[in-house]
Structure formats: structure tokens, C-alpha cells
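**Student:** give me a model of this one.
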Amino acid sequence: MTQSDSGSLGYTPMDTSDSESLEYAPMSTSDSESLGYAPGKPIELILRPKPQPTIPPASPPDPPLPQAMSTSDSEPPRSKPIRLKLTLKPKPPSPPTCLLNSPMSEDEQAPDSARTASTAGSTPPPSPTKPVLRKCHNPEALASELSKYLVDYGKYPNAPNVHPRPVTYPNQKAKDDWSELPDADDRDTFEEWGRNMWAPGRVSSLAMFSTWTKPYENDENGEDPWHIWAVFVVETAKKDGHAVVIYDCDPRRIKGQWKNKKTIHRPPKGIMFDVQAELVDYLRYKQNLKIKGLFYNADQTRSGKNQCMKYTMQWMSRMVQAGDVRFAEIGGKGKCADPRVKNCVRITRFR
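**Tutor:** Okay, here's the model as predicted:
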């Protein structure tokens, strides 16, 4: 009520001494339910004065001083109860806010375990961070050492299915012919990778290849350096096939008229190394993979630097961090919105 309303009712606000002389206590939820209270329903409050103990005066009291009072703003006698009618209206709900657009507090941004610990009065643990993907920079590392890095990559949250060993041989015959290698048993064939290419619930697969660039029948291969490259196979968004991405930091044959192209209408054997073209055939005919898009790295800024180990592991770490996500739709003329084929050309012919 406003002050003018209280004056018209013959009531003036009480001071602190008056409120102390009244017996009052707020109602609990159970009290309001027993009174049949509902929002918007008028309720009546009766304020009764607290009985004051009678103390005989030591001397006759002084006569009261006369006061000028009007009939409109006269104060009701203290001996009578005060009746007030109040209508309590519920507070209107706040308009809904989009959680994606509204800023989050530091407590909301913390994980559930941190919020639980903070409410319990203990120091909250640090926020969980994703593991660091280590990279091998030793070009002479044995396959057993490379496997340690690949296993860690496969443990990354929401990572593709990472093959735990480097793939070296196109077939078992090539593996048997080169059994004198010190780490021959730690290297897999195309078929051994193919048997473990997919894991339950995964839509992508990633593998490191450690091969020679010349045909395996060449007896002079033993004096050539190893070449490291990688392959990423992922299911398409429409689930109607797969995209195959081959990363080679030394795409020596992507030059001349193909340098600035997005699409190359030539078979892989005329562009890739022989072992890479042989891998494409293996995926098509042995794995029966329906390849909707074949992409090959065309970035030559790192060619000829003899750091294929370093650059390949950097690329693999980006594929791992991108997550196990289906491939974006492939448009015409080699156009694709998927960032995982950046700096790649699309090869449209297989034969």
C-alpha cells in the first residue's frame, strides 16, 4: 500500500517499537498450505497488539496532553486489532535464454567433478585436458618405436581407428623377401592392416606407411631411404561409400599442368608412387571399398626436405584431433568443404 492508501483506511505505519510489541512470525510452506493459500487469492492478516504487563506507577501519572486529530488520519487505538487485506501475485517467469548464446560462469564451465568438490569446500581438481600427441622426428626410428606413437594416437579422445603398426609390405611375399630387416616382424602388410581397418563404432581409419618408393622387386631398394606417408579412410556423410586421403609430403609428380588443379582426370599410377597406386587397387578390389572420392596431397612446400617422418606425423596428429567424423559431401569439380582434404587434388580415374 502507498502512504495515501493507509491514510484513507485510518492506519499509519508503525515504528520499530510498535513492531516489537506485536507478535509476528512468518508462515512456513506447510502453514500456507493449511490456510488454503494460492497465488492471486486475497488473504487477510490480523495484527493483534501484544499484551503489556501492568506495572503500578510509583507516582500518579501526568495527565495526557491533548492532540489535534482529524477523522481521516486518526490512529486506531492500540487495543484494537488491525485488519489488512493483501493479494499476493506470483513473480512473472523470466524470459527463456539460449544457453548457447548466454555466457557461462566459471563454475558452469568447470566439469561436474570440479563443481562437486567446490561445493564440498575442497579445492577443485584441474580441468581435464586432452593428451599431447607426441611426434617422432628420428628418420632412422625402428618400427617398434613408431608403434609407441601410433598406439598413443589411437587413445586420443574420439580418434579414428589408428593402426598400431607401420604398414610396409603390399603382400606377404614382399614381407618374406625382406625378412632380414631388423624390425621386419613389427611391420604389417596391406592385408594385415585391412583386417583391422575398422573398429566397432568408428567411421574412419588412419594408418602410417613406411615403404620404399621403387617397386619391391628391385634388389637395389636396400640402399634407398625409407619413405613415410599416411592414408586416411573415412565414411561419407551419406553413408554411400568412402573417401580416401593419401598424404605424401613429397608429391613430386603433382607439377606442371596439374599444379593448380582441383581435379585430375588421370589414374593414380600416372601420379602417385607405384606402391601408393597399388594400395588404391587393394582397397578397391580386395577390400571392396566403394571410393566416392580419392584425394592426394598436392602441397609441394615441404618437398625435398628429407623430413617425411616429421611432416607425416604432423598431418596424422591433425587427422586425430579432427575426430572420428564422417566425410563432408563431395561436390562437383572436386570441390569439398571437408577441411581434411585441404591442399589436395581429387583423382577421378582409377584406370
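**Student:** scan this protein for its longest helix.
**Tutor:** The residue-count maximum for a helix in the chain (DSSP state H) belongs to helix 308-322.
**Student:** elements contacting that helix?
**Tutor:** helix 143-154, strand 204-211, strand 227-235, strand 242-247 (3 or more CB pairs under 8 Å, 6 or more residues apart in numbering; DSSP states H and E). The C-beta positions use only the backbone N, C-alpha and C, and glycine is treated the same way.
**Student:** tell me the mean pLDDT over the last one?
**Tutor:** Spelled out, it's strand 242-247. The average pLDDT within strand 242-247 is 96.
**Student:** tell me what that strand is packed against?
**Tutor:** Against strand 242-247 (3+ CB pairs under 8 Å, 6+ apart) you get strand 227-235, helix 274-281, strand 291-297, helix 308-322.
**Student:** at 10 Å instead, please
**Tutor:** Under the contact criterion of 3 or more CB pairs under 10 Å, 6 or more residues apart in numbering; DSSP states H and E, strand 242-247 touches strand 204-211, strand 227-235, helix 274-281, strand 291-297, helix 308-322, strand 344-347.
**Student:** report the buried residues of that strand.
**Tutor:** Residues 242-247 are the ones in strand 242-247 that count as buried (16 or more other CB atoms under 10 Å).
**Student:** just for the chain, where's the confidence low?
**Tutor:** 1-45, 47, 49-82, 84-131, 213-225, 252-260, 331-335 (pLDDT under 70).
**Student:** and for Arg349, the neighbour number?
**Tutor:** Using other CB atoms under 10 Å, Arg349 is surrounded by 12 other residues.
**Student:** returning to that earlier point: got CSV for the helices and strands packed on strand 242-247, with distance to Leu142 and mean neighbour count too?
**Tutor:** Below are the helices and strands packed on strand 242-247 laid out as CSV (distance: least, CB to CB, whole Å; neighbours: other CB atoms under 10 Å):
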stretch, distance to Leu142, mean neighbour count
strand 204-211, 10, 25
strand 227-235, 13, 23
helix 274-281, 20, 19
strand 291-297, 26, 21
helix 308-322, 12, 20
strand 344-347, 30, 23
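**Student:** with distance to Glu329 added, can I get these in TSV?
**Tutor:** What follows is the helices and strands packed on strand 242-247, written out as TSV (distance: least, CB to CB, whole Å):
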stretch	distance to Glu329
strand 204-211	16
strand 227-235	12
helix 274-281	22
strand 291-297	10
helix 308-322	17
strand 344-347	13
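**Student:** would you mind saying which of those lies nearest Ser144?
**Tutor:** strand 204-211 (12.0 Å; CB to CB).
**Student:** by how many degrees do that closest one and helix 274-281 diverge?
**Tutor:** On the basis of axes from the mean of the first three to the mean of the last three CA atoms, to 10 degrees, strand 204-211 is oriented at 150 degrees to helix 274-281.
**Student:** convert strand 204-211 to CSV, retaining C-alpha atoms only.
**Tutor:** What follows is strand 204-211, C-alpha atoms only, in CSV (Å, rounded to 0.1, in the frame of the first residue of the first chain):
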residue,chain,number,x,y,z
SER,A,204,37.3,-43.6,-40.1
SER,A,205,40.7,-45.3,-40.2
LEU,A,206,44.2,-43.9,-40.2
ALA,A,207,47.5,-45.7,-40.9
MET,A,208,51.2,-44.8,-41.3
PHE,A,209,53.0,-46.3,-44.3
SER,A,210,56.8,-46.8,-44.2
THR,A,211,57.8,-48.0,-47.7
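**Student:** burial of the nearest residue to Asn196 once chain neighbours are set aside, as a residue count?
**Tutor:** Take Asn196 and drop its neighbours on the chain: the residue closest to it by CB to CB, 6 or more residues apart in numbering is His163, 6.4 Å away. His163: 24 surrounding residues under other CB under 10 Å.
**Student:** hang on, Ser204 packs against His163?
**Tutor:** No: Ser204 is beyond contact range of His163, at 11.8 Å (criterion: CB atoms under 10 Å).
**Student:** okay, and the common contacts of the two?
**Tutor:** Met197 (CB atoms under 10 Å, 6 or more residues apart in numbering).
**Student:** start to end distance for stretch 167-179?
**Tutor:** 14 Å (CA to CA, to the nearest Å).
**Student:** stretch 328-345 now?
**Tutor:** 16 Å.
**Student:** swap in stretch 147-160?
**Tutor:** OK, stretch 147-160 end separation, CA to CA: 16 Å.
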